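Asker: coordinates for the following, if possible.
(chains A and B)
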2 protein chains.
Amino acid sequence: MPAAPTLSPLRIGLAGLGNVGAGVVRLLADNADLIARRAGRPIVISAISARDRNRDRGLDLAPFAWVDDATELAGREDVDVVVELIGGSDGPALTLARRTLAAGKALVTANKAMIAHHGLALAAAAEAAGLPLRYEAAVAGGVPVIKALSEGMAANRIARVYGLLNGTCNYILTRMETERLGFATVLAEAQAAGYAEADPSFDIDGIDTAHKLSILAALAFGARIDFAGVATHGIRAVELADIDQARALGFRIKLVGLAEHEDGTLFQRVHPALVPLDHPLAAASGALNAVAAEGDFVGRLFFQGRGAGEGPTASAVVADLIDIARGSVGNPFGMPVAALAALPAAAIASRRGRYYLRLTVADRPGVLAELTAALRDHGVSIESLIQRGPAASGDAMVVMVTHVAGEPAVLAALAQMAGGDSVTSAPVMMHILDF
Amino acid sequence: MPAAPTLSPLRIGLAGLGNVGAGVVRLLADNADLIARRAGRPIVISAISARDRNRDRGLDLAPFAWVDDATELAGREDVDVVVELIGGSDGPALTLARRTLAAGKALVTANKAMIAHHGLALAAAAEAAGLPLRYEAAVAGGVPVIKALSEGMAANRIARVYGLLNGTCNYILTRMETERLGFATVLAEAQAAGYAEADPSFDIDGIDTAHKLSILAALAFGARIDFAGVATHGIRAVELADIDQARALGFRIKLVGLAEHEDGTLFQRVHPALVPLDHPLAAASGALNAVAAEGDFVGRLFFQGRGAGEGPTASAVVADLIDIARGSVGNPFGMPVAALAALPAAAIASRRGRYYLRLTVADRPGVLAELTAALRDHGVSIESLIQRGPAASGDAMVVMVTHVAGEPAVLAALAQMAGGDSVTSAPVMMHILDF
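Answerer: Next up, the predicted model:
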């Protein structure tokens, strides 16, 4: 074993001591020797700030200076890098981020909401000052997808990036399938177990996935972040019946964030989608995250791992710190902010694909003729159709998979069906992932 | 779109114009603008060397200086980085690599054999001179696993790294299963189609996988490369019967390179192994490569993509060039060569696991009693057993999966069986991947 490194340590100011912050403290302590060997110098925490100084986190905080106001970390002389783990797109996290860069210090954050909303402005400030700004932990937790897109695939034109970016949604959908439970039951159970927040809407309504997707799209396509341009749908409407019918047809339902760069436009959508069972995304179960990206030379790369939790997120935060300790600066979005293209949002009408449709209908003659006529009227042809006889309610269920069709035509056909008196509850439509 | 970068270009000397070299020429031309935006400066080829100047590669080589002797690229004033794509662990590739570093130039190579045999010495030379030495393309083609291990997972103690590292073997095993053909037939077909070399032994005997595995182990564990310490078994002995029986038991046979760091020792083995069908490695079919690595904080990460071919390998080579253009130097093995630990090889006797056994036996009374007694005599218990009635040859087949047992006990039991007169051909034993 070589002698301990003699270079000056990289000194951290850590803001936020939730799960991830506590994980960073533990990781820097547990693997200190290894990290120093890999980083070329020790990485040490100088000062810490969190809301509650006295909460028992199972950590000895005595070695670190305590700061009540996190934003003061930026000005401390014993801090080289601020690690922002407060969360929230604005408020103290954003104030701290701005002050850190203004004070000439490097910034590491796990804050996807802040990067999605203010990442370009922060990156421009970092670039102007020649400072590192890193956020590997903001997307897919411990899976190094930021690095993969901005460095590993840097030689490629990337046409499409997509994946499972929210562990809570993936956990809920997996539990619904394996335990045969409804959405509300699994959500309540996940909340009780601490896997879902008391207010779960950021996760289950797809907003968290949209934050992450907008970041991946910027990196993949060399484009300006457009979080507002993400069409976002969550998983509240996914029923066990859909999971079962999808499975019977050879698919598994996942909350997919999908971004495409085509003809100079940016397509971004978060939605529950049917993933073929032989696609690697279909096998990423439970709290796993997974990302696929398609480059013109490399083809499709696929990355999978734990997307949240203390250990994986701390692993990504400290990887960023090691890069900074090694002297890496780089552009936060893989090229200067000024070189990122402002891509107009793709017209939804241009979208084509196969669609899964599920309808609850009255159990009487002529209903199928009515449904299939609506599709015919809009030029949509049917690849497969399943009718399930009446349930206790007296209603029947019709499930269809269309051939490739334009999305507006499918929507128009559904509207026509819903306007008739055969369809007894709102039709369900989901996209099929055919790549 | 911003104005073209004004920084001075990074100038390449390219040695070797096979598939990969031609791919690098095409990639640097096709994506020149994008690469310049991401690298911060243009990356241009100054000079090229290959065996045959006049072969038609579908490339216009006129813009580049031609050098007959590749090793002269190292000395050229118009070259900042030499890209070595000649191949072979020694000979001109090694001479060129040494001269490049001695001349104070950066080196990028796709040469796994050279890195496995001479990587430490080359890395020490690069470190002493403060020069980048990069070899992302040497392992898993376009999948950025070198970067993932040395940077993305750098905060973790990694206990195990394993994967499918040879596309030819994966293609052959996949074809055997899907087309129900024997090994020799598929190999001949792969050779005819150009997927396998005329002399396929480097691939099918596991040597290529062993080269790559020894590199991954060094990066993952912070250890010195020990290629000679890899216990290497190829796929020549895998029969369709094994693929079928494994499938019936819930497994798929893959050529797995596996390295573990435990109690200060290094375990490295390349072998056909039974992978559970729900393991992500099992789904990596055809020419795909896949790597899994287990970190103490991040858990298991999984990476998959095309492991060979012009496009993916060129993608990895140019990613290295972009890193160098951005100013990244770094230690080739993630820490200084002097800090890498010299780990003694693990004793094979310490290995425990479940084993798949297949025996061809005479079809007469008492045979099963003889086989099961041999296992009992060595303390090995049986988890499942299948006997298939006599084939046309008159012999029967017995397939067993053991409970977890020590490998020496299983080998001793097999030797005892083979010593009797019931077993009519060499027993087959394969490891089961239980993680």
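Asker: give me the distance from stretch A:267-287 to the chain's centre.
Answerer: Chain-centre distance of stretch A:267-287: 12 Å, with C-alpha atoms, centre = their mean, to the nearest Å.
Asker: for it, buried residues please.
Answerer: A:267-275, A:279-285, A:287 (16 or more other C-beta atoms under 10 Å in any protein chain shown). In short, each C-beta sits where N, CA and C put it, glycine included.
Asker: before we move on, what about stretch A:218-236?
Answerer: Buried, per 16+ other C-beta under 10 Å, within stretch A:218-236: A:218-227, A:229-235.
Asker: backbone torsions only: list them for residue A:57.
Answerer: Backbone torsions for residue A:57, taken as degrees, to the nearest 10, come to phi -110, psi 10.
Asker: so which strand or helix has the spatially closest residue to it that is not a sequence neighbour?
Answerer: Excluding the flanking residues, the one nearest residue A:57 by C-beta to C-beta, 6 or more residues apart in numbering or on different chains is residue A:22, at 5.0 Å. If you go by DSSP states H and E, residue A:22 is part of helix A:19-30.
Asker: Provide the contact partners of that helix at residue level.
Answerer: A:12, A:14-15, A:17, A:35, A:43-45, A:48, A:50, A:57-59, A:61, A:83, A:85, A:110, A:137, A:309-311, A:313-315, A:317-318, B:155, B:296-297 (C-beta atoms under 8 Å, 6 or more residues apart in numbering or on different chains).
Asker: residue A:66: what's it in contact with?
Answerer: A:47-49, A:53.
Asker: and it, how far from chain B?
Answerer: Separation of residue A:66 from chain B (C-beta to the nearest C-beta, to the nearest Å) stands at 24 Å.
Asker: tell me what that residue is bridged to.
Answerer: Here residue A:66 sits in beta bridges with residue A:48, going by DSSP bridges.
Asker: circling back: filter the buried residues of stretch A:267-287 down to just the ones in helices.
Answerer: Nothing among those maps onto helices, per DSSP state H.
Asker: SS state for residue A:237?
Answerer: What DSSP: H, G, I helix; E, B strand; the rest coil gives for residue A:237 is coil.
Asker: how about the residues of the stretch 151-300 of chain A by chain B?
Answerer: By the rule C-beta under 8 Å from any C-beta of the partner chain, the part of the stretch 151-300 of chain A lying against chain B is A:151-157, A:222, A:278, A:280, A:283, A:295-300.
Asker: are any of those residues buried, and which?
Answerer: Buried by 16+ other C-beta under 10 Å: A:151-157, A:222, A:280, A:283, A:295-300, out of those.
Asker: which members of those residues are the farthest-apart pair?
Answerer: Greatest spacing in those, by C-beta to C-beta: A:222 and A:283 (30.6 Å).
Asker: enumerate every residue touching residue A:400.
Answerer: By C-beta under 8 Å, 6+ apart, the contact set of residue A:400 is A:356-359, A:371, A:375, A:382-386.
Asker: for those residues, pick the one with the most neighbours.
Answerer: For the contacts of residue A:400, the largest neighbour count, defined by other C-beta atoms under 10 Å in any protein chain shown, is 26 neighbours, found at residue A:371.
Asker: give me the nearest residue to the residue in the stretch 151-300 of chain A positioned nearest to chain B, chain neighbours excluded.
Answerer: Proximity of the stretch 151-300 of chain A to chain B (C-beta to the nearest C-beta) peaks at residue A:152, 2.9 Å away. Excluding its sequence neighbours, the residue lying closest to residue A:152 (C-beta to C-beta, 6+ apart) is residue B:144, at 2.9 Å.
Asker: how close does the residue of chain A positioned farthest from its centre sit to residue A:396?
Answerer: Distance from the centre of chain A peaks at residue A:365, with 45.3 Å (C-alpha atoms, centre = their mean). Separation of residue A:365 from residue A:396 (C-beta to C-beta, to the nearest Å): 12 Å.
Asker: before we move on, what about residue A:140?
Answerer: Distance, residue A:140 to residue A:396, by C-beta to C-beta: 41 Å.
Asker: compare these two and say which is more crowded by neighbours.
Answerer: residue A:140 (32 against 20).
Asker: is the more buried one in a helix, a strand, or coil?
Answerer: Going by three-state DSSP: residue A:140 is coil.
Asker: list the contacts of the most centrally placed residue in chain A.
Answerer: Chain A has residue A:165 as the residue nearest its centroid, 3.1 Å off, counting by C-alpha atoms, centre = their mean. Contact analysis of residue A:165 by C-beta under 8 Å, 6+ apart lists A:139-140, A:208-209, A:212-213, A:216, A:257, A:289, A:291, A:307.
Asker: go on, residue A:368?
Answerer: A:385, A:387, A:398.
Asker: how about residue A:126?
Answerer: Neighbouring residues of residue A:126 by C-beta under 8 Å, 6+ apart: A:101, A:107, A:132-133, A:332.
Asker: in helices only, show me these.
Answerer: Those of the contacts of residue A:126 lying in helices (DSSP H): residue A:101.
Asker: and the contacts of residue A:126, which of them are buried?
Answerer: A:101, A:107, A:132-133, A:332.
Asker: out of these, which are close to chain B?
Answerer: Okay, of those, nothing touches chain B (C-beta under 8 Å from any C-beta).
Asker: kindly reformat these as a markdown table containing pLDDT and distance to residue A:250.
Answerer: Shown next, in a markdown table, are the buried ones among the contacts of residue A:126 (pLDDT from 0 to 100; distance: C-beta to C-beta, whole Å):
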| residue | pLDDT | distance to residue A:250 |
| --- | --- | --- |
| A:101 | 98 | 50 |
| A:107 | 98 | 46 |
| A:132 | 98 | 46 |
| A:133 | 98 | 43 |
| A:332 | 98 | 41 |
